[in-house]
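J.: I need the structure of the sequence given here:
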Amino acid sequence: MSGKQKPVVEPERYEAWGTLVANEQFNDLTLLLQDLAGEDQVRAESELRGLISTAAQISTMCHQFTLMSHHAHQVQKQSESQRQVSKQQLQEVLQMIGGYQTAVSLPTIRTPPVNVPTLWQRLSTFLGLITEKEPLPSLSPSLPISPELAETDPMVVEPAVTVSPAAGASKPAMLIYCLGIFRVFQDNEGIGEWNGQKGVAILKYLVAHHGRPIAKEVLMDIFWPDADVEAARRNLHQAIYALRQTLRRQQPDLQHIRYENDSYLLNPEMEIWIDYQEFEQRVQNGRYLEANNRSKEAIAEYGIAVGLYEGNFLSENMYDDWAMRQREYLLNQYLRIADRLINYYQQQNENTAAIALCHKLLNLDPCYEPAHRHLMICFLAQGQRHLAVRQYQTCMQTLKSELDLMPDKETIALYQHLL
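T.: Numbers count the residues shown, from 1 in each chain. Predicted structure coming up:
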């Protein structure tokens, strides 16, 4: 479907779609698109049918993001940005179906895995791409999390001496996701209900500091700063008890939380897989490979790391001071390797992959200018100058509304090159 073409739907129907998008009635729109897909003229056009299917999927995503905004107030800002980007993508695809613009490369639509057997099988395959060939140096357990580390040259890496086990060697007792919305899986089941939110908050803190004992006084100061010592100690004991009860519902024989030397920690004898640690390991692998002139393998490792980064670290705890430094560090690493991947895709003329990754970056931060510039370059490489111009306009409007700023000189210079 390239170039200007005769609309395949009535103008009234197309306008109705726009109204539904504007009113965020995504469920109704999905039903209409499904009805359209069943019409005779659409069934005969495989490419058109694919576009309609894509629009229906994006519409469903918009509806899901709307529900997230309604039912997860703490992640409202992230959900809103994802929803707005999805709305823009949806409007573009609807315009294509209506015959009002030329075709564009569609972003990859990823649905998070929902069941653990499939999830762990996917993880085992996904994470084993490099480790099956040759074990690589592992991260040091005491790797500092600090802004200073984030400022170091990513190409200068002194790897640790330990070797990571091959991915998928055995199924961990727990799978823990911190990149995006916090999720915990135990023996094929996700934990849906927790016995108290303070216990969940403490678990998040222990996971964020996995491998290190945390003094009970530290937990008391963080989670009950205004309580007296006795009240804080009592609250801590109650929260730990409730947390242990939750974790033992599915694994009654395991001791998940240990108390040693007046400190709490996750049981070091349990095999636990944590996504942000895997992310860090893959970034470390990529840097090591790149420093040793093994660029293709490095790109594969960076690709795995990008796939693991489903959202910012503990996105539900955006305003908790204790999580901010680690979130900033991980986001810094993600942006660096994502930029490297996008540059690689552009060099290989794989603009569709570059566009998909740019959309993912803008889902996380709609004001991230490098992603806007990359999109402009990709659209220009595809011969779609009008989309490159529109991307600049989107960038300018977003920066103005969100930050009251103008695009930087590099972005403006790229736009002037388009004129």
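J.: since we're on the nearest residue to residue 337 once chain neighbours are set aside, how many residues are nearby?
T.: If the residues on either side of it in the chain are set aside, residue 337 comes closest to residue 302, at 4.4 Å by CB to CB, 6 or more residues apart in numbering. In short, each C-beta sits where N, CA and C put it, glycine included. By other CB atoms under 10 Å, 24 other residues sit near residue 302.
J.: for residue 302, what are its contacts?
T.: Residue 302 is in contact with 282-283, 286, 337, 340-341, counting by CB atoms under 8 Å, 6 or more residues apart in numbering.
J.: Count the residues that sit near the residue nearest to residue 349 when sequence neighbours are not counted.
T.: When the adjacent residues along the chain are set aside, residue 349 lies closest to residue 381, with 7.2 Å between them (CB to CB, 6+ apart). Other residues within reach of residue 381, judged by other CB under 10 Å, total 13.
J.: From what I see, residue 381 and residue 347 are in contact.
T.: No. Under the contact definition of CB atoms under 8 Å, residue 381 does not touch residue 347, with a separation of 10.9 Å.
J.: now the strands for the stretch 151-300 of the chain?
T.: Ranges of strands in the stretch 151-300 of the chain, per DSSP state E, counting those that start in this stretch, are 174-177, 183-186, 189-190, 214-215, 257-260, 263-266, 272-274.
J.: roughly how far apart are the nearest residue to residue 212 once chain neighbours are set aside and residue 321?
T.: With CB to CB, 6+ apart as the measure, residue 265 is the residue that lies nearest to residue 212, at 6.8 Å, once sequence neighbours are left out. As judged by CB to CB, to the nearest Å, residue 265 and residue 321 stand 21 Å apart.
J.: These two: who's more crowded?
T.: Summary of the neighbour comparison: residue 265 and residue 321, criterion other CB under 10 Å, with residue 265 having more neighbours (17 against 8).
J.: okay, and for the stretch 51-200 of the chain, where does confidence drop off?
T.: Counting by pLDDT under 70, the stretch 51-200 of the chain shows low-confidence ranges at 63-86, 88-89, 91-93, 95-170.
J.: what ranges do the helices span in the stretch 101-250 of the chain?
T.: In the stretch 101-250 of the chain, the segments counted as helices under DSSP state H, counting those that start in this stretch are 116-131, 147-150, 197-208, 216-223, 229-248.
J.: residue closest to the middle of the chain?
T.: The centroid of the chain falls nearest to residue 310 when counting by CA atoms, centre = their mean (1.9 Å).
J.: In three-state terms, label it for me.
T.: Three-state assignment for residue 310 (DSSP: H, G, I helix; E, B strand; the rest coil): coil.
J.: What distance do you get for it to residue 387?
T.: Relative to residue 387, residue 310 is positioned 27 Å away (CB to CB).
J.: what's the answer for residue 363, then?
T.: Distance of residue 363 to residue 387, computed by CB to CB: 18 Å.
J.: ok, now which residue in the protein is the farthest from the centroid?
T.: In the chain, by CA atoms, centre = their mean, residue 230 is the one farthest from centre (40.3 Å).
J.: that older thread, the residue nearest to residue 337: helix or strand, and which one exactly?
T.: Residue 302 belongs to helix 295-308 when elements are defined using DSSP states H and E.
J.: so after that helix, what's the next helix or strand?
T.: Per DSSP H and E, helix 295-308 leads on to helix 321-347 as the next helix or strand towards the C-terminus.
J.: Any buried residues in that following helix, and which?
T.: Within helix 321-347, the residues that qualify as buried are 322-323, 326-331, 333-335, 337-342, 344-346, counting by 16 or more other CB atoms under 10 Å.
J.: Stretch 175-190 now?
T.: When burial is assessed from 16+ other CB under 10 Å, stretch 175-190 yields the following buried residues: 175-186.
J.: Likewise for stretch 372-385?
T.: 372-380, 382, 384.
J.: isn't residue 195 right up against residue 243?
T.: Yes. At 7.2 Å, residue 195 counts as touching residue 243 under the criterion of CB under 8 Å.
J.: how far away is residue 330 from residue 359?
T.: Taken as CB to CB, the spacing of residue 330 relative to residue 359 amounts to 20 Å.
J.: typed the wrong thing, it's residue 176
T.: 27 Å.
J.: What of residue 175?
T.: When distances are taken as CB to CB, residue 175 and residue 359 turn out to be 27 Å apart.
J.: go on, residue 49?
T.: For residue 49, the distance to residue 359 (CB to CB) stands at 23 Å.
J.: got it, and residue 412?
T.: Here the distance between residue 412 and residue 359 works out to 22 Å (CB to CB).
J.: what does residue 216 give?
T.: Here the criterion is CB to CB. By it, residue 216 lies 44 Å from residue 359.
J.: repeat for residue 210
T.: According to CB to CB, residue 210 stands 31 Å off from residue 359.
J.: C-alpha coordinates for stretch 317-324, CSV please?
T.: The C-alpha atoms that make up stretch 317-324 are tabulated as CSV, following Å, rounded to 0.1, in the frame of the first residue of the first chain:
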residue,chain,number,x,y,z
ASN,A,317,8.0,3.8,43.1
MET,A,318,8.9,6.8,41.0
TYR,A,319,9.0,9.2,44.0
ASP,A,320,10.8,6.9,46.5
ASP,A,321,14.2,8.4,47.1
TRP,A,322,15.9,5.1,47.7
ALA,A,323,15.1,3.8,44.2
MET,A,324,16.0,7.0,42.3
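J.: Check the offset of that stretch from the chain's centre.
T.: Distance, stretch centre to chain centre, for stretch 317-324: 17 Å (CA atoms, centre = their mean, to the nearest Å).
J.: Ok, stretch 375-385 next?
T.: Chain-centre distance of stretch 375-385: 25 Å, with CA atoms, centre = their mean.
J.: And stretch 230-241, by the same measure?
T.: Averaging C-alpha coordinates over stretch 230-241 and over its chain gives two centres that are 34 Å apart (CA atoms, centre = their mean).
J.: again, but for stretch 32-40
T.: Counting by CA atoms, centre = their mean, stretch 32-40 is centred 32 Å from the centre of its parent chain.
J.: ok, residue 266 touching residue 208?
T.: No. Using CB under 8 Å, residue 266 makes no contact with residue 208, being 10.6 Å away.
J.: re the thing from before, which one of the contacts of residue 302 is nearest residue 10?
T.: Proximity to residue 10 was ranked across the contacts of residue 302 by CB to CB; first place goes to residue 341, at 42.1 Å.
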